[in-house]
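Asks: need a structure here:
(2 chains)
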Amino acid sequence: MSRRPEPVQVVKQRRDAMLKALVHGVPYLRFLGVEVERRGDELTCVLNYDENLIGNPMLPALHGGATAAFLEVASIIQLSWSMLWDDMESGALDPTTFNAENFPRLPKTIDFTVDYLRSGLPRDAYARARVNRSGRRYASVHVEAWQDNRDRLFAQATGHFLMPDRNG
Amino acid sequence: MTDDFKKIVTQFIESLPHARALGLQMVHLEDGVVELSMPYDEKLIGDPRTGVIHGGAVSALMDTCSGVAVVAHPERPVGTATIDLRIDYMRAANPNQTIYARAECYHMTRNVAFVRATTMDEDRDNPVATATGAFTVERLSEATK
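Replies: Here you go, the predicted structure:
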């Protein structure tokens, strides 16, 4: 006997609510101006251009530190999203209960290596991260960022993360 | 290093939009060595459970500090850009404490500068993070010499 599939709006509402709670719950993401778009389980992080992201006003170019931060944010969001997926889908995790005291434990960065390929232009940037390995304790993530052309990356990075103890 | 050079570099760094947004301030500047501070601010929180600032803010601090160390190198390049930066996170920075990054440009070739940096909070004996990076070296072109 097969179960009827859930109505599409129920699925979308659940996933979008979780993503929104994850992104809006972290003040630094608001500071940088990061938003996340979703297609199924695929995430694209968007760094909304703002004058405050500029490093050298003469060029002008995005600050290398802002670029590094954006890549790290995108990696952690992707890793958290993968980690929470099953509990989100089963309904075990309710994003409406998230607050400063009750927020999922997030992965912690062990190391992060950024490769700057070209200068970031003063406009929106996009990033997608791929979890290459995720074990019980450690994870390895690769992330790529681009602006006008998906094939012309302006930065990429690899990071290792310590996964939170999920029984605690 | 002349006082004029120190003043120009300090004003330049503290005027960069993203450095201003982070509240970065020059603490120490000498040939090839720079120390910057970043005050604790709730808008930089990366972990709402603990109030610890986001690793990305620490990365931005160390990238800036490393770039300034290149410009402050005795060969006085006119500009620089990050080629790559690797950051190792040793521990979470204590909430409510100003953090400090100290960067040293320890080697420079014609085209590439090598930098290492350390970030500390008030507990200076236990680093929060370290970084190593390679940076471009922009020199005045031969034609303008």
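Asks: the longest helix belonging to chain B vs chain A: in contact?
Replies: In chain B, with assignment by DSSP state H, the single longest helix is helix B:55-71. Yes: applying C-beta under 8 Å from any C-beta of the partner chain, one finds that helix B:55-71 is in contact with chain A at B:Gly55, B:Gly56, B:Ala57, B:Ser59, B:Ala60, B:Leu61, B:Met62, B:Asp63, B:Thr64, B:Gly67. From N, CA and C alone the C-beta is placed, and that goes for glycine too.
Asks: could you find the closest non-adjacent residue to the last one?
Replies: Setting aside the residues directly before and after it, B:Gly67 is nearest to B:Thr80 in space (C-beta to C-beta, 6 or more residues apart in numbering or on different chains), at 5.4 Å.
Asks: quick one: the residues of helix B:55-71 next to chain A as TSV, columns for neighbour count and distance to B:Asp4 too.
Replies: As requested, the residues of helix B:55-71 next to chain A are exported to TSV (neighbours: other C-beta atoms under 10 Å in any protein chain shown; distance: C-beta to C-beta, whole Å):
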residue	neighbour count	distance to B:Asp4
B:Gly55	28	36
B:Gly56	30	34
B:Ala57	26	31
B:Ser59	29	31
B:Ala60	31	28
B:Leu61	30	26
B:Met62	31	27
B:Asp63	31	26
B:Thr64	27	21
B:Gly67	30	20
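Asks: out of those, which comes closest to A:Tyr116?
Replies: Closest approach to A:Tyr116 among these (C-beta to C-beta): B:Asp63, at 9.5 Å.
Asks: assign a three-state SS to the closest residue to the closest one other than its chain neighbours, would you?
Replies: Closest residue to B:Asp63 apart from its sequence neighbours, by C-beta to C-beta, 6+ apart: A:Gly65 at 3.9 Å. Judged by DSSP: H, G, I helix; E, B strand; the rest coil, the three-state class of A:Gly65 is helix.
Asks: need the mean per-residue confidence for the longest helix of chain B.
Replies: Looking at helix B:55-71 alone, the average pLDDT works out to 96.
Asks: and the host helix or strand of A:Gln9, how far out from the chain's middle?
Replies: Following DSSP states H and E, one finds A:Gln9 within helix A:8-24. Centre-to-centre, helix A:8-24 and its host chain are 14 Å apart (C-alpha atoms, centre = their mean, to the nearest Å).
Asks: and that helix, what other elements does it pack with?
Replies: Applying 3 or more C-beta pairs under 8 Å, 6 or more residues apart in numbering or on different chains; DSSP states H and E, one finds that helix A:8-24 contacts strand A:34-39, helix A:64-90.
Asks: listing partners with orientation, what would you give for the shortest one?
Replies: To tie it back to what came earlier, the one meant is strand A:34-39. Take DSSP bridges as the rule and strand A:34-39 pairs in its sheet with strand A:42-47 (antiparallel).
Asks: ok, now how distant is the closest residue to B:Arg124 other than its chain neighbours from chain A?
Replies: Of all residues not flanking B:Arg124 in the chain, B:Tyr100 sits nearest, at 8.0 Å (C-beta to C-beta, 6+ apart). B:Tyr100 sits 15 Å away from chain A when distances are taken as C-beta to the nearest C-beta, to the nearest Å.
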